[in-house]
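A.B. asks: can you look at this prediction? I've put the sequence above it.
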Amino acid sequence: MRSPIAFLFVLVLYFAMDLYVYRGLRTLEPSAWVKRSFMIVHGLGYAYVLYAFFKFDPGAPADEIRRGMQTFMVWFVLLYVPKLPMIALWLAEDFVRGGVALFGQDGWPERRKALGWVAVALGSIPFLSILDGWQFGRSRYRIKTHTVRIPGLPEAFRGFRIVQISDIHSGSFTDPDEVQKGIDAVLEAKGDAVVFTGDLVNNTADEIEPWMERFSQIKAPHGVFSILGNHDYGDYVPWPSPSAKEANLERLARNHAAMGWNLLRNQRAVLRKDGAELELLGIENWGLPPFPQYGRLEDTLALCPDPTSPKILLSHDPSHFDAEVLPNPANIALTLSGHTHGMQFGIEIPGWFKWSPVKWKYPRWDGAYPVGSKTLYVNRGFGYLAFPGRVGMWPEITVHELQPA
């Protein structure tokens with residue numbers, strides 16, 4: 001339920017941020033048209049937010065709600081994230097000046113002006129990066145290769161290529177050409193098998209249906225296997241009855257099958273090559289609260305005749321690795337997860353530095369994490385959620401090349 005008091009509080013907070021930034025920019029003595037442009041842009045933004053709040057209809061078509069949410073996220077991320085470093089710089093200077101009133105006169109106008117230009121430069125970097133991520137970053141697909149050593153891997157599977165995609169979030173898509181670009185990248189990776197590690201939709205099964213023909217193009221000699229993510233259960237939208245929610249989940253399962261994907265729900269599959277076998281386990285979503293724990297690892301392992309044989313586990317949420325996979329004595333050599341998206345925002349210098357705010361929530365949030373004989377790999381995801389873009393954390397297709405330990 002929407003709270004007018006909470007909405008008013010947030011609006012006042014945004015206004016205070018805008019006022020503080022405007023006062024800081026005035027030290028640069030901008031021209032009248034710059035000041036008017038600042039006021040017009042932000043005035044239109046407030047008008048849109050007020051209109052959207054009072055006109056919001058939870059019963060509106062899903063596409064209409066999605067477009068409204070994406071528009072709001074673009075407005076918020078583009079206009080307010082770049083202001084954070086500017087505000088931090090000016091607040092630090094105000095603190096150094098010994099508690100001068102927030103909007104008071106500066107005793108060192110030249111230093112204040114120089115800091116103003118530094119603040120503008122700091123704000124311009126995330127602004128331009130967000131603009132790029134919104135327009136181009138969401139379709140900047142990257143194919144990454146990960147070589148993994150698996151204890152007990154049959155010789156027949158040496159060099160076997162498993163292509164992983166995750167977090168499609170088809171309910172966010174708007175551009176068929178962008179989606180096809182990603183699918184072409186999956187096909188280009190030429191996997192012996194393809195796995196999808198959850199979140200096919202945002203909320204409802206029908207979101208994938210306009211895109212099923214395209215995703216049906218994804219095929220591999222040894223099959224395509226998939227699991228469910230936290231968004232696939234319909235837990236984040238109201239349903240008229242429990243049976244309607246269950247029917248939605250079954251419809252989603254049928255959609256997986258219609259695309260030729262083998263959906264594993266706490267189940268075991270076997271990859272066979274040249275007389276050798278490799279176990280592939282897929283469990284339902286298991287996450288730390290508030291995320292649901294539908295996964296049943298022990299029940300799935302009970303389907304395996306030999307706990308020492310090498311196993312590859314598909315588990316959407318990487319927190320499952322530390323909670324249940326690592327303590328388990330079974331030879332779960334490789335766990336493939338997604339879920340984090342790299343928060344769709346971060347900084348990376350390949351081979352040297354990688355950071356995203358999501359690491360504060362998920363210490364294992366991107367890439368490979370070998371621990372003893374077990375390895376977790378977290379894929380950044382194929383699609384996007386809420387903000388229709390990716391900044392620094394490009395969408396990923398991963399090629400896992402298996403080698404004996």
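C.D. replies: Now that the structure is in, tell me what you want to look at.

A.B. asks: and the strands in the stretch 101-250 of the chain?
C.D. replies: Using DSSP state E, counting those that start in this stretch, the strands of the stretch 101-250 of the chain run over 142-150, 161-165, 193-196, 224-226.

A.B. asks: hey, which helix or strand in this protein has the poorest pLDDT?
C.D. replies: helix 62-80 (a mean of 85; mean pLDDT, DSSP states H and E).

A.B. asks: domains for this protein, by residue range?
C.D. replies: 4-135, 139-404 (automatic domain parsing).

A.B. asks: which of the strands of the stretch 101-250 of the chain sits most buried?
C.D. replies: Stretch with highest mean neighbour count among the strands of the stretch 101-250 of the chain: strand 193-196 (a mean of 27; mean count of other Cβ atoms under 10 Å). Where you see a C-beta, it was placed from the backbone N, CA and C, and this is true even at glycine.

A.B. asks: mind listing the strands it pairs with, and their directions?
C.D. replies: strand 161-165 (parallel), strand 224-226 (parallel) (DSSP bridges).

A.B. asks: tell me which of these lies nearest to Ala386.
C.D. replies: Nearest to Ala386 among these is strand 161-165 (19.6 Å), distances taken as Cβ to Cβ.

A.B. asks: could you give me the average pLDDT of that closest one?
C.D. replies: Mean pLDDT, strand 161-165: 98.

A.B. asks: dump it to PDB, restricted to CA.
C.D. replies: Extracted in PDB, the C-alpha atoms of strand 161-165 (Å, rounded to 0.1, in the frame of the first residue of the first chain):
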ATOM      1  CA  ARG A 161      32.100 -26.700 -22.700                       C
ATOM      2  CA  ILE A 162      29.100 -25.700 -20.700                       C
ATOM      3  CA  VAL A 163      27.600 -22.300 -21.600                       C
ATOM      4  CA  GLN A 164      25.900 -20.500 -18.800                       C
ATOM      5  CA  ILE A 165      23.300 -17.700 -19.000                       C
END
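
A.B. asks: and that strand with strand 142-150, angle?
C.D. replies: 130 degrees (axes from the mean of the first three to the mean of the last three Cα atoms, to 10 degrees).

A.B. asks: how far off centre is strand 161-165?
C.D. replies: Remark: strand 161-165 is offset 18 Å from the chain centroid, using Cα atoms, centre = their mean, to the nearest Å.

A.B. asks: ok, now stretch 73-90?
C.D. replies: Going by Cα atoms, centre = their mean, where stretch 73-90 is centred and where its chain is centred differ by 20 Å.

A.B. asks: got any ranges where this structure has weak pLDDT?
C.D. replies: Low-confidence segments of the chain, defined by pLDDT under 70: 1-2, 97-109.

A.B. asks: show me where it has helices.
C.D. replies: 4-25, 32-55, 62-80, 83-96, 109-135, 176-188, 212-215, 242-258, 297-301, 319-320 (DSSP state H).

A.B. asks: looking at the domains of the chain, which is buried most?
C.D. replies: For the domains of the chain, the highest mean count by mean count of other Cβ under 10 Å goes to domain 139-404, at a mean of 19.

A.B. asks: so what's the residue nearest the centre of the chain closest to, chain neighbours aside?
C.D. replies: Residue closest to the average C-alpha location in the chain (Cα atoms, centre = their mean): His341, at 2.4 Å. Nearest non-adjacent residue to His341, counting by Cβ to Cβ, 6 or more residues apart in numbering: Gly381, 4.6 Å away.

A.B. asks: again, but for Gly295
C.D. replies: Trp286 (3.2 Å).

A.B. asks: relative to Asn230, how far out is the one you found?
C.D. replies: 9 Å (Cβ to Cβ, to the nearest Å).

A.B. asks: any shared contact partners between the two?
C.D. replies: Counting by Cβ atoms under 8 Å, 6 or more residues apart in numbering, the shared contacts of Trp286 and Asn230 are 292, 316-317.

A.B. asks: before we move on, the earlier item: dump the strands paired with strand 193-196 into a markdown table; add distance to Phe321 as well.
C.D. replies: Below are the strands paired with strand 193-196 laid out as a markdown table (distance: least, Cβ to Cβ, whole Å):
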| stretch | distance to Phe321 |
| --- | --- |
| strand 161-165 | 15 |
| strand 224-226 | 19 |
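
A.B. asks: and the closest residue to Gly24 other than its chain neighbours, what does it touch?
C.D. replies: Of all residues not flanking Gly24 in the chain, Trp90 sits nearest, at 4.8 Å (Cβ to Cβ, 6+ apart). Trp90 makes contacts with 20, 24, 115, 119, as judged by Cβ under 8 Å, 6+ apart.

A.B. asks: likewise Thr204?
C.D. replies: 62, 171, 234, 237, 248.

A.B. asks: these two touch, right, Arg149 and Glu401?
C.D. replies: No - look at Arg149 against Glu401 with Cβ atoms under 8 Å: they stay out of range, at 10.3 Å.

A.B. asks: mutual contacts of the two, please.
C.D. replies: When Cβ under 8 Å, 6+ apart defines a contact, no residue borders Arg149 and Glu401 alike.

A.B. asks: can I assume Thr145 is in contact with Glu396?
C.D. replies: No - Thr145 lies out of contact with Glu396 (Cβ under 8 Å); the separation is 11.2 Å.

A.B. asks: return every residue with contacts to both of these two.
C.D. replies: By Cβ under 8 Å, 6+ apart, no residue touches both Thr145 and Glu396.

A.B. asks: could you pull out the strands for the stretch 301-405 of the chain?
C.D. replies: Counting by DSSP E, counting those that start in this stretch, the strands of the stretch 301-405 of the chain are 311-314, 332-337, 347-349, 353-355, 367-371, 374-378, 396-404.

A.B. asks: ok, back up a step: from the chain's centre, how far out does the least confident helix or strand of the chain sit?
C.D. replies: Worked out by Cα atoms, centre = their mean, helix 62-80 lies 16 Å from the chain centre.

A.B. asks: hmm, who's touching it?
C.D. replies: 14, 17, 41-42, 45, 48-49, 52, 56, 58, 127, 130-131, 134, 171-172, 202-204, 206-207, 386-389.
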